[in-house]
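Q: please find the sequence and the predicted model below.
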Amino acid sequence: MKEKEQAMVTVVGKNDIGILAAVATGIAEAGASIVQVSQIVMDEYFTMNMLIDLTSMDVSIHGLEEDLKNRLPGMEIHVMHENIFNAIHSI
């Protein structure tokens with residue numbers, strides 16, 4: 001059995017219909033699953049943090065990030081492996 005791997009997905013930009021749906025669809029099509037999600041819409045601005053399980057994902061993190069950026073042009077999107085995220089926040 002593979003060891004569980006997770007990543008943090010962040011999405012920031014102008015609010016529009018279907019942002020969460022587009023991200024969720026991209027993640028599902030990559031073979032990953034959503035563990036937890038938090039989103040805030042303030043006036044016309046959208047921010048979302050999503051923790052995903054990469055254990056069964058069949059593309060690279062970079063490939064997932066590029067796919068999400070193609071689905072949502074104009075949005076700032078980052079996918080960061082939990083090891084990098086934890087290292088950055090432990091300093």
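A: Now that the structure is in, tell me what you want to look at. Since this is a predicted model, take the numbers as computed values, not measurements. Numbers count the residues shown, from 1 in each chain.

Q: now the nearest residue in space to residue 56 that is not next to it in sequence, what's its secondary structure?
A: Excluding its sequence neighbours, the residue lying closest to residue 56 (C-beta to C-beta, 6 or more residues apart in numbering) is residue 31, at 5.0 Å. The C-beta positions use only the backbone N, C-alpha and C, and glycine is treated the same way. Using DSSP: H, G, I helix; E, B strand; the rest coil, the secondary structure recorded for residue 31 is coil.

Q: which residues touch residue 31?
A: 56, 57, 58, 59 (C-beta atoms under 8 Å, 6 or more residues apart in numbering).

Q: for PyMOL, write the select line for the buried members of these.
A: Restricted to buried positions by 16 or more other C-beta atoms under 10 Å, the PyMOL selection for the contacts of residue 31 reads:
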select buried, resi 57+59
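
Q: and the two most separated of the contacts of residue 31?
A: 56 and 59 (11.0 Å; C-beta to C-beta).

Q: okay, residue 50 and residue 11: tell me how far apart.
A: Per C-beta to C-beta, to the nearest Å, residue 50 is found 8 Å from residue 11.

Q: cheers, nothing more for now.
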